[in-house]
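Q: give me coordinates for this.
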Amino acid sequence: MSSGTRASVLTGQTLPELVRVADVDPDLLVTDFASAFAEDSSARRLAAAEVLFTGWGCPPLEAEALDRMPRLRAVVHAAGSIKHHVTQACWERGLLVSSAAAANALPVAEYTLAAILFANKRVLESAHAYRAARGPIDLFRRYPAVGNYRRTVGLVGASLIGRRVLDLLRPFDLRVLVHDPYADPAELAALGAEAVPLDELLGHSDVVSLHAPALPQTHLLMNASRLALMPDGATLVNTARGSLVDTAALTEELVSGRLHAVLDHTEPEVLPAVSPLYNLPNVLLTPHVAGSLGGELDRLAATAVEELERYALGLGFRHPVDPGRLTYSA
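A: Below you'll find the predicted structure:
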């Protein structure tokens with residue numbers, strides 16, 4: 001992992017647990033395999049390693065590096081997606097892989113829940129109006145249709161995060177639609193949602209929240225024609241990836257005031273300083289804060305350490321990565 005990741009994830013609370021569970025040198029940090037193998041001491045330790053404990057910034061595990069680690073049997077990732085470092089060579093060698101993606105899903109789902117409830121209540125828009133007026137506002141005239149009672153929420157993707165959002169939405173009197181071509185409609189119904197085609201979801205939802213992975217088939221999924229299907233006043237929430245949305249088309253809709261948006265991810269990741277989205281009263285931009293931050297990182301590390309302990313005890317991972325699902329998951 002990167003040095004910044006180690007400082008953030010392996011805190012004083014988690015590091016003692018890692019040392020308790022595994023025979024590990026907490027001072028050994030590999031950020032680049034070529035450099036690590038060039039140093040005799042770290043090369044010997046890697047050659048003896050049975051498990052790699054990884055995080056953000058882990059270099060790719062290519063065949064050349066794996067050849068230098070003949071005892072390697074597993075990779076335990078203290079973060080979400082493993083696509084950046086677990087290569088095809090890892091699967092060909094039969095390595096076991098675990099990810100803390102389920103732990104990272106919770107804060108994203110919590111952010112999404114807040115975004116949905118605030119969007120239907122028009123909290124952001126009314127706050128801007130109140131700041132501008134600096135006095136009384138006729139709420140009944142200005143916001144005649146606000147509120148969450150029996151509104152419709154559409155989730156695009158029944159991913160780990162999408163399913164956590166479904167769980168968090170259960171206490172509320174909302175109709176929930178889900179579009180996911182790989183999900184079982186009966187399973188979604190058991191979770192309290194209705195499986196529908198994407199265009200139908202877009203046309204009937206007061207809030208549309210994106211939870212699909214960044215794949216070739218999801219690139220610019222929300223293009224101009226699909227955005228046009230959303231009802232006037234609807235809100236788009238994106239905690240997934242910016243590449244799912246046509247930024248120019250969304251900007252046009254938002255500048256017109258027809259749609260609203262809560263965007264934790266955009267394309268590009270940091271919008272140009274001249275983008276109108278920074279100042280629009282119907283847009284909330286956040287700098288990729290939905291995922292694990294601060295104390296939430298302890299949950300990621302704790303999940304990974306628990307997986308490592310299960311491995312040490314001869315138990316299967318609780319959160320294994322299935323290579324067969326990587327073609328349609330993050």
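Q: now the phi/psi pair for L315, please.
A: phi -100, psi 160 (degrees, to the nearest 10).
Q: how close does it sit to E307?
A: Note on L315: its distance to E307, by CB to CB, to the nearest Å, is 9 Å. In this view, the C-beta of every residue, glycine as well, is placed from N, C-alpha and C.
Q: more neighbours: these two, which one.
A: Per other CB atoms under 10 Å, whichever of L315 and E307 has more neighbours is E307, with 27 against 10.
Q: skipping adjacent residues, who's closest to that one in space?
A: Among residues not flanking E307 along the chain, S98 sits closest, at 4.3 Å (CB to CB, 6 or more residues apart in numbering).
Q: count the neighbours of the one you found for me.
A: So S98, with other CB under 10 Å, has 26 neighbours.
Q: tell me what whichever strand or helix holds it is packed against?
A: Using DSSP states H and E, S98 sits within strand 96-99. Packing partners of strand 96-99 (3 or more CB pairs under 8 Å, 6 or more residues apart in numbering; DSSP states H and E): strand 74-77, helix 296-312.
Q: who touches the helix or strand of the chain with the lowest mean pLDDT?
A: Across the helices and strands of the chain, the lowest-confidence element by mean pLDDT, DSSP states H and E is helix 139-142, at a mean of 90. With contact meaning CB atoms under 8 Å, 6 or more residues apart in numbering, helix 139-142 is reached by S126, A129.
Q: can I get the helix or strand following it in PDB, CA atoms only?
A: Per DSSP H and E, the first helix or strand lying C-terminal to helix 139-142 is strand 152-156. As requested, the backbone C-alpha atoms of strand 152-156 are provided in PDB (Å, rounded to 0.1, in the frame of the first residue of the first chain):
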ATOM      1  CA  THR A 152     -40.200   7.100  -5.500                       C
ATOM      2  CA  VAL A 153     -36.500   6.300  -5.300                       C
ATOM      3  CA  GLY A 154     -34.700   4.600  -8.100                       C
ATOM      4  CA  LEU A 155     -31.400   2.700  -7.500                       C
ATOM      5  CA  VAL A 156     -29.300   2.000 -10.600                       C
END
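Q: which strands and helices sit next to the following helix or strand past strand 152-156?
A: Next helix or strand after strand 152-156 toward the C-terminus (DSSP H and E): helix 160-169. Under the contact criterion of 3+ CB pairs under 8 Å, 6+ apart, helix 160-169 touches helix 101-121, strand 152-156, strand 175-179.
Q: any idea which of these is most buried?
A: Across the helices and strands packed on helix 160-169, averaging neighbours per residue (mean count of other CB atoms under 10 Å) puts strand 152-156 on top, at a mean of 27.
Q: about what we covered before: reformat the helices and strands packed on helix 160-169 as CSV; add mean pLDDT.
A: Putting the helices and strands packed on helix 160-169 into CSV (pLDDT from 0 to 100) gives the following:
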stretch, mean pLDDT
helix 101-121, 97
strand 152-156, 98
strand 175-179, 98
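Q: any chance of CSV for these, columns distance to I137?
A: Putting the helices and strands packed on helix 160-169 into CSV (distance: least, CB to CB, whole Å) gives the following:
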stretch, distance to I137
helix 101-121, 14
strand 152-156, 26
strand 175-179, 29
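Q: how near is N148 to A228?
A: Distance, N148 to A228, using CB to CB: 25 Å.
Q: out of the two, which sits in the busier spot?
A: Neighbours were counted for N148 and for A228 using other CB under 10 Å; N148 has more, 18 against 13.
Q: so who does that one touch?
A: N148 neighbours (CB under 8 Å, 6+ apart): I116, L117, N120, K121, F172, D173, L174.
Q: ok, so of these, who is nearest L220?
A: Looking at the contacts of N148 and their distance to L220, the nearest is I116, at 23.4 Å (CB to CB).
Q: surely that closest one touches V237?
A: Yes. I116 is within contact range of V237, at 6.7 Å (criterion: CB atoms under 8 Å).
Q: identify the contacts common to these two.
A: Going by CB under 8 Å, 6+ apart, residues that sit against I116 and also against V237 are V207, S209.
Q: give me the below-cutoff pLDDT ranges for the chain.
A: Within the chain, not a single segment meets pLDDT under 70.
Q: can you rerun that using 80?
A: Applying pLDDT under 80 to the chain flags residues 330.
Q: where exactly do the strands run in the protein?
A: According to DSSP state E, the chain carries its strands in the segments 51-54, 74-77, 96-99, 152-156, 175-179, 194-195, 207-210, 235-238, 260-263, 283-285.
Q: for stretch 22-41, measure first residue to last.
A: Using CA to CA, to the nearest Å, one end of stretch 22-41 lies 19 Å from the other.
Q: buried ones in that stretch, by neighbour count?
A: A22, V24, L29, V30, F33, A36, F37 (16 or more other CB atoms under 10 Å).
Q: how about stretch 196-212?
A: Residues of stretch 196-212 classed as buried: 196, 198, 201-212 (neighbour count, 16+ other CB under 10 Å).
Q: thinking again about what came up before, and the contacts of the strand holding S98?
A: Taking CB under 8 Å, 6+ apart as the rule, strand 96-99 contacts 73-77, 79-82, 86, 90, 304, 307, 311, 317-321, 323.
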